[in-house]
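Peer 1: Predicted model follows, preceded by the sequence.
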Amino acid sequence: MDQHYQQWSELAPRGMLLIGAGASIVAWAATLRANGKPIWFWFFAGLFGLIVLNSGVAFFGEAVKHRSLYESKLGL
């Protein structure tokens, strides 16, 4: 199997999973803030959610790069 295809098939699902998890954590932190929880609690929950979300975007971006390289080798 081609290296770029293998990298794409490993990174794309991980990226999508992290994007979804990060968005859910950020939404949870927003709910905590709306319910009047202490600032340190929702702030660090939101910060963690943004870190997870941005990690997912990075993984997915890397997957898109490998898919493009794979398709360019095939001449698609």
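Peer 2: Received, thanks. No experiment lies behind these values; they were computed from the predicted model shown.
Peer 1: what about the closest residue to residue 46 other than its chain neighbours, is that helix, strand or coil?
Peer 2: Closest residue to residue 46 apart from its sequence neighbours, by CB to CB, 6 or more residues apart in numbering: residue 29 at 3.5 Å. Just so you know, the C-beta spots here come from the backbone N, C-alpha and C atoms, and that holds for glycine as well. Per DSSP: H, G, I helix; E, B strand; the rest coil, the local secondary structure of residue 29 is helix.
Peer 1: Can you get me a residue count around residue 29?
Peer 2: 21 (other CB atoms under 10 Å).
Peer 1: Please report the distance of it from residue 55.
Peer 2: 16 Å (CB to CB, to the nearest Å).
Peer 1: hang on, the earlier thing: surely the residue nearest to residue 46 touches residue 52?
Peer 2: No - between residue 29 and residue 52 there is no contact under CB atoms under 8 Å: 11.3 Å.
Peer 1: quick one, what contacts residue 66?
Peer 2: 4-5, 7-8, 11 (CB atoms under 8 Å, 6 or more residues apart in numbering).
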